[in-house]
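> Need a 3D model of the sequence below.
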Amino acid sequence: MPAEKRYEDIDVLVIGGGLAGVYAAIRAKEAGANRVVQVDKGKVGKTGASCFAAGVMHTYFPDEDDLGDRVKRMTRAQGFLAQQDLMQDHIEQSWDITQEMASLGVEFVRTAEGKLERRAGRGSYPIISFYGPQLMDAMARAAIRKGITQLHRITITDLLTRDGRVTGAIGFNTRDGNLHVFKAGATVIATGNSWYRHFAPGRN
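Residues are numbered from 1 along each chain as shown. Below you'll find the model as predicted:
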């Protein structure tokens, strides 16, 4: 019979094991959270859109690129459906984030001189490349080094609330069926999107 396991001393609970979830967990730890728990339906770094990443990133080079032109081209590449202020925030931060990822162990394709190599790619600007799943492997290990607890193969089915405030989440282990109840001071949902599922071949 499935058992129940409770976690009641969590400062920040992060739901999702992709790049956004790992970064949220790392940022929470750096901001002073004592216990950060990251939960994924599979294994952190091995499920969802992040593990399917095509090996390329659009990174803004502040010493080489024109920010306004970059925003315009990226917006056009998204069919003009992107929120441009958020797009600009993303582009402006992309260089520092790329450098941070490299410092955490992510390997990017580089020139013989050791610089990030830019290549022609689809859309608005040249891209930089990384080595497929190595990106999430490195980021997941970086989170562990930061002291973040990673719990695998737990599917979250609902949020816990009290007086209109989220107080945690509830889910089950996909292998043994055991119930897991998480009580947390703050809960971050970083479960990504369904782009790959929606646009998979043969789907309408």
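> Stretch 47-56 - what's its average pLDDT?
The average pLDDT for stretch 47-56 rounds to 80.
> List the buried residues in it.
Residues 47-51, 53, 56 are the ones in stretch 47-56 that count as buried (16 or more other Cβ atoms under 10 Å). Yep, even glycine has a C-beta here, placed from its N, CA and C like the rest.
> Stretch 111-127 now?
Using 16+ other Cβ under 10 Å as the burial criterion, the residues of stretch 111-127 that qualify are 116, 118, 124-127.
> Taking those residues, tell me the two that lie furthest apart.
Taking Cβ to Cβ as the measure, these reach their widest spread between Leu116 and Ser124, a distance of 17.3 Å.
> okay, now the domains of this protein?
Residue ranges for the domains of the chain, per automatic domain parsing: 1-48+148-204, 54-131.
> related to what we said a few turns ago, is it possible to get JSON lines of the buried residues of stretch 47-56 that adds distance to Glu100 and secondary structure?
Compiled in JSON lines, the buried residues of stretch 47-56 are given as follows (distance: Cβ to Cβ, whole Å; DSSP: H, G, I helix; E, B strand; the rest coil):
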{"residue": "Thr47", "distance to Glu100": "23", "secondary structure": "coil"}
{"residue": "Gly48", "distance to Glu100": "21", "secondary structure": "helix"}
{"residue": "Ala49", "distance to Glu100": "20", "secondary structure": "helix"}
{"residue": "Ser50", "distance to Glu100": "16", "secondary structure": "helix"}
{"residue": "Cys51", "distance to Glu100": "20", "secondary structure": "helix"}
{"residue": "Ala53", "distance to Glu100": "17", "secondary structure": "coil"}
{"residue": "Val56", "distance to Glu100": "18", "secondary structure": "strand"}
